[in-house]
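[1] Predicted model, plus sequence, below.
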Amino acid sequence: IPVDPSLPPADAAKWIRDSKATHLAITSDLLNQARELVQNERLNIPIIEIEKKRGGEYDTSFTPPPENTPKETDVILLLRTGGTSGKPKFVAFTHKQLQAAAMAVKTHYRYMPTDRVLTQMHWSHPFAFVHSMLAPLMNGATLVIDHGLQALEFLDHLAESRVTRLVGTPKFFLKLLVTCRNEKRLLPGMKSVSVGLGPLEPPIKKAFDVLGIKVLHVYGQTENLWTIAMDGMPGSDAPKDESEYIRGQCGKGLSGLKYKVLDDAGDQIEGADRRIGHLAVSGPTIMTNYPDLEKETKNALRGTWLYTQDMAELIGEGEDLRVRFICRRADVFKVNGHIVDFHFIDMILRAVVGVQDAAAFAVKNAKDKLVLVCAAIKKAGVQISEKQITEGAAAKLPTDQIPIAVAFTDEIPRDGGNNVNLHKLRGQFSGIAG
């Protein structure tokens with residue numbers, strides 16, 4: 001059960017309690033922090049310093065008790081969801097599922113023995129756990145440990161450690177390119193950047209293209225070990241990809257996985273043409289369950305299929321299938337049968353004079369009808385009204401995509417990928433539409 005040590009103590013304690021952990025294994029540099037956590041949060045759990053213990057796998061005299069012989073179907077890992085659309089949940093995985101996850105991305109990465117992988121994310125996040133630790137190790141690559149270096153020191157660390165693959169979020173890669181520009185440095189030897197928790201903006205993607213570094217967008221969920229679809233490294237004989245980059249594209253389906261999208265009635269949308277609906281996936285990396293949450297497990301797992309609660313677009317089929325994440329199913333707002341792109345509206349709203357940040361979302365009004373509204377943060381020292389924002393946006397937005405109400409706020413909730421948390425926004429401003 002990986003836990004991020006940078007969490008506030010109360011959050012880390014809740015993580016440990018909710019997981020029903022029986023031991024807290026740490027590296028020695030975290031000993032004092034762990035002792036304070038256990039004492040201050042009144043956790044009844046022993047602390048184990050990993051460097052001072054010998055695991056059973058290193059002890060030649062160790063044999064498992066006959067009543068507990070290890071099996072590939074044993075649950076060995078609990079990962080925690082982000083809780084962006086509800087309460088965080090733990091997700092259980094087995095030996096077999098972890099091995100399948102590492103093998104599923106092998107052909108997309110085309111690892112070489114000389115590859116070295118680094119991330120500044122903590123491995124407690126499922127995306128980082130799979131793409132910067134599990135998959136590289138199980139496919140013969142080398143891990144480079146991040147030491148928390150920043151700016152020029154981080155660039156020097158990448159060069160000195162001969163890092164060939166980076167794993168991170170759009171925010172991280174934006175910061176990296178800004179540092180490269182400021183320090184007038186390139187990224188020699190870098191083969192690819194794996195981007196999770198959201199897509200790169202087109203200018204950032206173009207910058208990596210100019211540098212000759214392949215961008216691998218990864219779309220996934222904790223329940224599927226964070227790989228539903230991803231871009232892949234081209235083969236040596238592959239033609240140059242000159243297709244236009246569309247923000248939000250997520251890449252090809254994975255070998256061994258099956259995909260389908262369903263309409264509002266729950267029926268599968270057939271065919272190989274472009275089709276949009278509620279995404280369901282099936283395959284060897286699908287979670288075992290949400291421990292102790294039988295109802296939630298039954299809602300997510302139906303037979304061999306994981307119902308993701310995501311809206312996605314499928315194009316093609318078989319080895320040519322491509323998947324594009326659109327939004328969470330709960331965040332859908334349609335106009336004339338088409339899903340509205342909140343990101344586009346947000347860009348227009350942020351361009352209004354006096355607006356620091358803004359986010360569009362949908363809530364129900366007094367007549368139980370979904371309507372479009374937005375939250376906005378004013379720039380410091382600027383006076384701006386709701387009318388000025390809506391009129392400023394009206395010049396560039398279709399009439400049916402202009403927010404009918406504006407809520408002024410000091411903060412817009414976002415997730416680890418800097419995406420707007422629409423679930424929290426709806427809860428915070430549920431009465432804005434009257």
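    Yep, that arrived. Residues are numbered from 1 along each chain as shown.
[2] what's the helix or strand hosting residue 388 in contact with?
    Using DSSP states H and E, residue 388 sits within helix 386-394. Here helix 386-394 makes contact (Cβ atoms under 8 Å, 6 or more residues apart in numbering) with 345, 348-349, 351-355, 358, 374, 376, 402-406, 408. Placement of C-beta: from N, CA and C, glycine included.
[3] same thing but at 6 Å, please
    Identification of contacts with helix 386-394 by Cβ atoms under 6 Å, 6 or more residues apart in numbering yields 348-349, 352, 376, 402, 406.
[4] Mind checking which of those residues land in strands?
    Judged by DSSP state E, the contacts of helix 386-394 include 376, 406 as members of strands.
[5] Most neighbours among the contacts of helix 386-394, please name it.
    residue 349 (25 neighbours; other Cβ atoms under 10 Å).
[6] can you tell me which residues contact that one?
    358, 374, 393.
[7] And for residue 126?
    79, 222, 226.
[8] strand partners of the lowest-mean-pLDDT helix or strand in the chain, parallel vs antiparallel please.
    Each helix and strand of the chain was given a mean pLDDT (mean pLDDT, DSSP states H and E); the minimum falls on strand 249-253 at a mean of 82. Paired strands of strand 249-253, with direction, are strand 229-230 (antiparallel), strand 322-328 (antiparallel) (DSSP bridges).
[9] Start from the N-terminal end of the stretch 201-350 of the chain and give the strands.
    Assigned by DSSP state E, counting those that start in this stretch, the stretch 201-350 of the chain shows strands spanning 214-219, 229-230, 249-253, 258-262, 275-282, 301-302, 305-315, 322-328, 334-335, 338-339.
[10] So for residue 100, which of those sits nearest?
    The closest of the strands of the stretch 201-350 of the chain to residue 100 is strand 275-282. By Cβ to Cβ, the value is 12.3 Å.
[11] That closest one vs strand 305-315, what angle?
    Interaxial angle, strand 275-282 versus strand 305-315 (axes from the mean of the first three to the mean of the last three Cα atoms, to 10 degrees): 140 degrees.
[12] List the strands paired with strand 275-282, with their directions.
    strand 258-262 (antiparallel), strand 305-315 (antiparallel).
[13] Quick one: the ones you listed as a markdown table, columns for mean neighbour count, distance to residue 106 and mean pLDDT too.
    Output for the strands paired with strand 275-282, formatted as a markdown table (neighbours: other Cβ atoms under 10 Å; distance: least, Cβ to Cβ, whole Å; pLDDT from 0 to 100):
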| stretch | mean neighbour count | distance to residue 106 | mean pLDDT |
| --- | --- | --- | --- |
| strand 258-262 | 16 | 19 | 97 |
| strand 305-315 | 20 | 21 | 96 |
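[14] want to try TSV for those strands, with distance to residue 45 as columns?
    Output for the strands paired with strand 275-282, formatted as TSV (distance: least, Cβ to Cβ, whole Å):
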stretch	distance to residue 45
strand 258-262	41
strand 305-315	32
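[15] among those strands, which is nearest residue 21?
    If you check each of those against residue 21 by Cβ to Cβ, strand 305-315 wins as the nearest, at 25.5 Å.
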